[in-house]
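Asks: Everything below, folded, please.
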Amino acid sequence: MLSESQELAVSTDSVTSSAGAGPLRAWQRRALTKYLSKKPRDFLAVATPGAGKTTFALRVAAELLGDRTVDQVTVVAPTEHLKHQWADAAARAGIALDSRFSNSTGQTSSDYHGVVITYAQIAAHPARHRVRTENRRTLVILDEIHHGGDAKSWGDAVREAFSDATRRLALTGTPFRSDDSAIPFVTYEPDAAGFQRSKADHSYGYSDALKDGVVRPVVFLAYSGEARWRDSAGEEFTARLGEPLSAEHTARAWRTALDPTGDWIPAVLRAADMRLSQLRSGGMPDAGGLVIATDQTNARAYADLLEALTGERPAVVLSDDPSSSNRITEFDNSEQRWMVAVRMVSEGVDVPRLAVGVYATSAATPLYFAQAIGRFVRTRRPGETASVFLPSVPVLLDLAAQLEAQRDHVLGKPHREKDGFDDDLLADANKTKDEPGEDEKAFTSLGADAELDQVIYDGSSFGTATFSGSDEEADYLGLPGLLDAEQMRALLRERQDRQLTDRQAVGSEKSVAQVKATERVAAAQNLTELRRELNGLVAMHHHRTGKSHGTIHGELRRDCGGPPTAIATADQLAERIAALRRW
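Replies: Have a look, this model is predicted:
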């Protein structure tokens, strides 16, 4: 164990390495202290995207190289793009890593401290990497270790290549999948339900990072609207996003909304560009936006819409384009407003200036959603905020409301049984769909309009439905660009109060009742008032107990049951209000 003086050294002066790396954040210091005190062969660090896992891992590498615990470092990354990002970050820390290493050569210059390779490279020739690992004392850094469970062949290859490594440091920043494939070098323990659950050696979640000012607050702007489509029999259907629908109708209403020839996507892109302009004029002059598309055809169409809207051609990043990595780097180093991406949204996009997102994809797994939102949370200075626009469908509202949730890897309990999510959607979202499939041929989109349904922040819902292009929508799009978490919450509450006051003053003239049934508006207003009362009580409980708003909402759900606040019924909200009053 480290002595008190040694721990002090880790947490103060020595947190700046001799190689020239910058000072460590508090969580990195705690994790490094834990690592150096235990000196484990295997260590799993789970930290939210944007928290600085790379910096922590490179500091561990510098320590182990410095005291001759290891002679070389091997970093395993998910993508080619990330290989070069790792090499660049290591160079800034004084560690030389070869990101051009190839299996065919099998060697690198002695001037390097090690190499950066992909999981695919290991799977292609695990024996070659085993020999490299056996020949010299090696630290293996497994970035986004959940990829070791993506396919059994990958997991087997990782285990074969690195079983003899001197040290192994596993990193992840997104929820693990739940399946039957154990991830190599990860410790599992039985949970209360009898399932084997992964055990992290150090965890640092989004809520902790938000409290420390390490990541940006994320505001979700959920847009509903009426979608219309025709099936292969010629029958036409109409449904509203966000309302209780069958799985088939939800999927088709969702896809109709994402259709670039309809009205929903142009309206949401226009709103997102307005938000981007607000951030740029309000303290983030280089703020960028990212549209996450389902497929290449839609990506190109969205780029055309943005070009017509802004007069500037967005950067388009396609998964099978060999120049994708260069396009991301060029966008990062420019002041270009928008980028449209397919697949590269996962761990491959690291652009700190991204602050506005449009979630225009059908992927709905916790893993994919967390990866996508992780592109926007990386903070550069205090007060920066992120805004993500998304369709108002229950699965996405649930994920947005549970942004702070941490998920471990569970063996034998798939997400489709546990959470109602289908991992096949992730694979489907990453396919090229330039040719229509059978389902596409049987389905014709007839268009969808757009309404700002609600704003979700820290598990709470704010606002009532309002037309796209209205003054009420502009009020939310005009939130200042530099706010801390408490200021964001206070301003959203103030905007909601103003919206309700204005509607009460003018009756039904400015309300959505112009085109919707009076009963729907009354119900919506009742829901809004209940959400407002619940959020107020949660705020009081927060000040009394110090617990975060998200934590309190989670405790209420466990106590009362039901979905997140954003999609809860009036009865469910009333039950939670009563429970809070009892507390």
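
Asks: contacts, neighbours, all on C-alpha from now
Replies: Fine.

Asks: Walk me through the domains of the protein.
Replies: Annotated domains of the chain cover 4-204, 218-397+438-479 [automatic domain parsing].

Asks: okay, now the nearest residue to Phe185 once chain neighbours are set aside: neighbour count?
Replies: Leaving out its chain neighbours, the residue that sits closest to Phe185 by C-alpha to C-alpha, 6 or more residues apart in numbering is Asp42, at 6.7 Å. Asp42: 17 surrounding residues under other C-alpha atoms under 10 Å.

Asks: State the distance from Asp42 to Gln496.
Replies: Relative to Gln496, Asp42 is positioned 49 Å away (C-alpha to C-alpha, to the nearest Å).

Asks: Identify the residues contacting Ile456.
Replies: Neighbouring residues of Ile456 by C-alpha atoms under 8 Å, 6 or more residues apart in numbering: 219-222, 400-401, 462, 566.

Asks: one step back: for the residue nearest to Phe185, phi and psi?
Replies: Dihedral pair for Asp42: phi -120, psi 140, per degrees, to the nearest 10.

Asks: and the helix or strand containing Phe331, what other elements does it pack with?
Replies: Using DSSP states H and E, Phe331 sits in helix 324-332. In terms of contacts (3 or more C-alpha pairs under 8 Å, 6 or more residues apart in numbering; DSSP states H and E), helix 324-332 is packed against strand 315-317.

Asks: quick one: average confidence on the strand it packs on?
Replies: Across strand 315-317, the average pLDDT comes to 92.

Asks: who does that strand pair up with?
Replies: Next to strand 315-317 in the sheet, as set by DSSP bridges, lie strand 338-341 (parallel).

Asks: Tell me the helix or strand right after the strand it pairs with.
Replies: As assigned by DSSP H and E, the chain's next helix or strand after strand 338-341 is strand 354-360.

Asks: Please enumerate residues in contact with that next one?
Replies: With C-alpha under 8 Å, 6+ apart as the test, strand 354-360 has contacts from 258, 268-269, 272, 275-276, 287-294, 375-377, 385-391.

Asks: Just grab the bridge partners of Ser387 for me.
Replies: Beta-bridge partners of Ser387, counted by DSSP bridges, are Val219, Val356.

Asks: How much space separates it from Leu534?
Replies: Ser387 is 23 Å from Leu534, where distance means C-alpha to C-alpha.

Asks: same thing with Ala124?
Replies: According to C-alpha to C-alpha, Ala124 stands 54 Å off from Leu534.

Asks: Tell me, how many residues neighbour Ile145?
Replies: 28.

Asks: picking that back up, okay, the domains of the chain, which one's buried deepest?
Replies: Among the domains of the chain, domain 218-397+438-479 has the highest mean neighbour count (mean count of other C-alpha atoms under 10 Å), at a mean of 21.

Asks: Check the offset of that one from the chain's centre.
Replies: Averaging C-alpha positions (C-alpha atoms, centre = their mean, to the nearest Å) puts domain 218-397+438-479 13 Å from its chain's average.

Asks: circling back: okay, the domains of the chain in JSON lines with distance to Lys547 next?
Replies: Shown next, in JSON lines, are the domains of the chain (distance: least, C-alpha to C-alpha, whole Å):
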{"stretch": "domain 4-204", "distance to Lys547": "16"}
{"stretch": "domain 218-397+438-479", "distance to Lys547": "12"}
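
Asks: Low-confidence stretches in the chain?
Replies: Residues of the chain meeting the criterion pLDDT under 70: 1-22, 149-152, 174-180, 319-320, 343-349, 404-442, 464, 499-500, 502-528, 566-567.

Asks: at 50 instead, please
Replies: 1-20, 414-441, 508-521 (pLDDT under 50).

Asks: Quick check: the gap between Val46 and Ala257.
Replies: Noted for Val46: a distance of 35 Å to Ala257, by C-alpha to C-alpha.

Asks: do the same with Tyr35
Replies: Distance from Tyr35 to Ala257, by C-alpha to C-alpha: 48 Å.

Asks: Looking at the contacts of Ile456, which are in strands?
Replies: Secondary structure from DSSP state E places 219-222, 462 of those in strands.

Asks: any idea which of those residues is the one closest to Pro322?
Replies: For the ones in strands among the contacts of Ile456, the minimum distance to Pro322 (C-alpha to C-alpha) is 32.4 Å, reached by Phe220.

Asks: so that closest one touches Phe389, yeah?
Replies: Yes. If you go by C-alpha atoms under 8 Å, Phe220 and Phe389 touch, sitting 5.9 Å apart.

Asks: Report the beta-bridge partners for Phe443.
Replies: On the basis of DSSP bridges, Phe443 is bridged to Asp231.

Asks: Going forward, count from 40.
Replies: That works, and once the first residue is 40, the last one we named lands at Phe482.

Asks: quick one: the strands in the stretch 440-589 of the chain?
Replies: 449-450, 482-487, 490-496, 499-501, 505-506 (DSSP state E, counting those that start in this stretch).

Asks: residues touching Val390, list them.
Replies: Val390 makes contact with 367, 371, 414, according to C-alpha under 8 Å, 6+ apart.

Asks: now those residues in TSV, with distance to Thr113?
Replies: Shown next, in TSV, are those (distance: C-alpha to C-alpha, whole Å):
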residue	distance to Thr113
Ile367	25
Asp371	27
Arg414	25
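
Asks: Sticking with Ile161, tell me its helix or strand.
Replies: Using DSSP H and E, Ile161 sits in helix 158-163.

Asks: Tell me the helices and strands packed up against that helix.
Replies: helix 191-201.

Asks: any residues touching the helix it packs on, and which ones?
Replies: Under the criterion C-alpha under 8 Å, 6+ apart, residues 158-159, 161-162, 164-170, 172, 179, 186-188, 220, 222-224 lie in contact with helix 191-201.

Asks: just to revisit the earlier point, could you dump the ones in strands among the contacts of Ile495 to CSV with distance to Asp360?
Replies: Listed next are the ones in strands among the contacts of Ile495 as CSV, based on distance: C-alpha to C-alpha, whole Å:
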residue, distance to Asp360
Val258, 32
Phe259, 30
Leu260, 31
Ala261, 31
Phe501, 40
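
Asks: Am I right that Leu178 is in a helix?
Replies: No. Counting by DSSP: H, G, I helix; E, B strand; the rest coil, Leu178 is not found in a helix; it is strand.

Asks: Spit out the contact partners of it.
Replies: Leu178 neighbours (C-alpha under 8 Å, 6+ apart): 100, 103, 109, 111-113, 204-208.

Asks: For the stretch 140-289 of the chain, just list every one of the helices.
Replies: 158-163, 165-174, 191-201, 245-250, 286-297 (DSSP state H, counting those that start in this stretch).

Asks: Would you mind giving those as TSV with distance to Lys92 added?
Replies: Formatted as TSV, those follow (distance: least, C-alpha to C-alpha, whole Å):
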stretch	distance to Lys92
helix 158-163	18
helix 165-174	23
helix 191-201	20
helix 245-250	12
helix 286-297	34
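
Asks: out of these, which comes closest to Ser320?
Replies: Ranking these by proximity to Ser320 (C-alpha to C-alpha) places helix 245-250 first, at 23.8 Å.

Asks: Against Gly273, how distant is the residue nearest to Ser138 when sequence neighbours are not counted?
Replies: Of all residues not flanking Ser138 in the chain, Val155 sits nearest, at 4.8 Å (C-alpha to C-alpha, 6+ apart). The gap separating Val155 from Gly273 is 54 Å, by C-alpha to C-alpha.
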